[in-house]
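Enquirer: Please find the sequence and the predicted model below.
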Amino acid sequence: MSYDVTIVGAGIVGLATAYNLSKAAPHLKIAVLEKEKSIASHQTGHNSGVIHSGIYYKPGSAKAINCRKGYDLLLKFCKEEQIYHEICGKIIVATNSNEEKKLQDIYDRGIQNGLTGLQILNQEELKEKEPHVFGTKGIFVPQAGIVDYKKVSHKLFEISEQNGVNFFFDKKVISIEKQKESYLINTNSKAINTKFLVNCAGLYSDKIAKMDGFNLNAKIIPFRGEYYLLKEEKAKLVNNLIYPVPDPNFPFLGVHFTRRINGKVDAGPNAVLAFKREGYTKSDIDLMEFLESISYLGFIKVALKYWKIGAFEMYRSFSKKAFVKSLQKLIPKIKEEDLIIGEAGVRAQLCDIKGNLIDDFLIEKNDNAVHVINAPSPAATSSLNIGKEITKKVLQSL
């Protein structure tokens, strides 16, 4: 079978690409290959549902640019397609003088990234927003919101299909053969010839890039984020979104409280090494993938650099008491009995050979291919703009 463009991966970034491309160039024959039985099965389907504002990201970075533009496109899409969402705002909370200094840096970044209406909050003002929070100072970010990204994904899928995009499920890419003016993509049950390849394979994006001969001195390392859920009667302890001041040296935001669009409240996540790339529980193990992660020189360097943080995260994974203690830093009233086991997600975190956890998005063009190699949070918020940018690259080449 022959196509003009073939997208590998039907997560929200792949779907947003199919949506943008089919709108911009309806004459193109487009295919999407997905190894699972349905769309949004992994990172998208295990997303916390936060619409990110873009306050944290380095000004001028791919994350900052795509998040701000993607934010506007996402809200427009949700309004047009009548997808329920809320712009509820969030607070970032400092609990001591050292965190207050970092809070100012975050505020300054937000201003540089074009956010308006940011408010520095004192203790009393924090209590007005979130009565049960403990903090010495905070930032209110009015742009932050919540949505169900599965619903967004299904709408993108529906429109793309209506626009003529062909979706193929249960199709795992086994190899990619570069031909004179096209690619032959071999899957477990079908071979597809395509003029242009778009790699949106998420947790396996590095492997797809390597199949295309991409010289990548980095590897995806899977980190599992585990959540607890506040019991229904305790959900009133949280109005909207409550975040700590993040560690600037570590690309994770720390345990926080997130009200979901269905009214439930998540508490978490931690960040521990997953024992397989799609390992959502402690018992999910793929020995080959696990050995591949821990034997990688870049990961070994990361582990040596962050061993104290890593050890604590692992301890907190097994100790509910330790997890609760971290949550009590923000809401002292939280007790162990207030929490039940929630869902978990796996973050595809690119790690380079030098032991750096790549914080920014990494999207590379290689001949007639675009590879979305690193797209952690806020990729869901940014997805429609990422898809738009990929569409431009595709149309420049075809």
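Expert: Nice, thanks for sending it over.
Enquirer: Packing partners of the helix or strand hosting V346?
Expert: Using DSSP states H and E, V346 maps to strand 339-352. With contacts taken as 3 or more C-beta pairs under 8 Å, 6 or more residues apart in numbering; DSSP states H and E, strand 339-352 sits against strand 218-230, strand 265-268, helix 297-305, helix 320-328, strand 369-374. Where C-beta positions appear, they are placed from N, C-alpha and C, glycine not excepted.
Enquirer: out of the ones you listed, nearest to V5?
Expert: Closest approach to V5 among the helices and strands packed on strand 339-352 (C-beta to C-beta): strand 369-374, 9.7 Å.
Enquirer: Export the helices and strands packed on strand 339-352 to a markdown table and append columns for distance to R109 and mean neighbour count.
Expert: Shown next, in a markdown table, are the helices and strands packed on strand 339-352 (distance: least, C-beta to C-beta, whole Å; neighbours: other C-beta atoms under 10 Å):
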| stretch | distance to R109 | mean neighbour count |
| --- | --- | --- |
| strand 218-230 | 23 | 22 |
| strand 265-268 | 24 | 24 |
| helix 297-305 | 24 | 16 |
| helix 320-328 | 24 | 16 |
| strand 369-374 | 20 | 25 |
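Enquirer: Take these and write them to TSV, including distance to I55 and mean pLDDT.
Expert: Formatted as TSV, the helices and strands packed on strand 339-352 follow (distance: least, C-beta to C-beta, whole Å; pLDDT from 0 to 100):
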stretch	distance to I55	mean pLDDT
strand 218-230	20	96
strand 265-268	20	95
helix 297-305	26	95
helix 320-328	22	96
strand 369-374	20	98
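Enquirer: before we move on, the earlier item: got the angle between the strand holding V346 and strand 218-230?
Expert: Orientation check (axes from the mean of the first three to the mean of the last three C-alpha atoms, to 10 degrees): strand 339-352 against strand 218-230 gives 170 degrees.
Enquirer: between strand 339-352 and helix 297-305, how many degrees?
Expert: Going by the same axes, to 10 degrees, strand 339-352 makes 120 degrees with helix 297-305.
Enquirer: buried set for strand 339-352?
Expert: For strand 339-352, a neighbour-count test (16 or more other C-beta atoms under 10 Å) marks 339, 342-352 as buried.
Enquirer: can you give me the helices for the chain?
Expert: Assigned helices in the chain, in chain order: 12-24, 62-80, 97-112, 123-129, 149-162, 205-211, 287-294, 297-305, 307-318, 320-328, 379-397 (criterion: DSSP state H).
Enquirer: So which elements touch the last one?
Expert: Using 3+ C-beta pairs under 8 Å, 6+ apart as the contact criterion, the neighbours of helix 379-397 among helices and strands are helix 12-24, helix 62-80, strand 191-199, strand 362-365, strand 369-374.
Enquirer: Which of these sits closest to V265?
Expert: helix 62-80 (21.6 Å).
Enquirer: Now do the closest one against helix 97-112, angle only.
Expert: Using the same axes, to 10 degrees: helix 62-80 against helix 97-112 is 70 degrees.
Enquirer: average model confidence for helix 62-80?
Expert: Summarised as a single mean, pLDDT over helix 62-80 is 98.
Enquirer: Kindly report the same for stretch 242-260.
Expert: Rounded mean pLDDT across stretch 242-260 is 85.
Enquirer: how about low-confidence regions in this protein?
Expert: Across the chain, the ranges flagged by pLDDT under 70 are 248-251.
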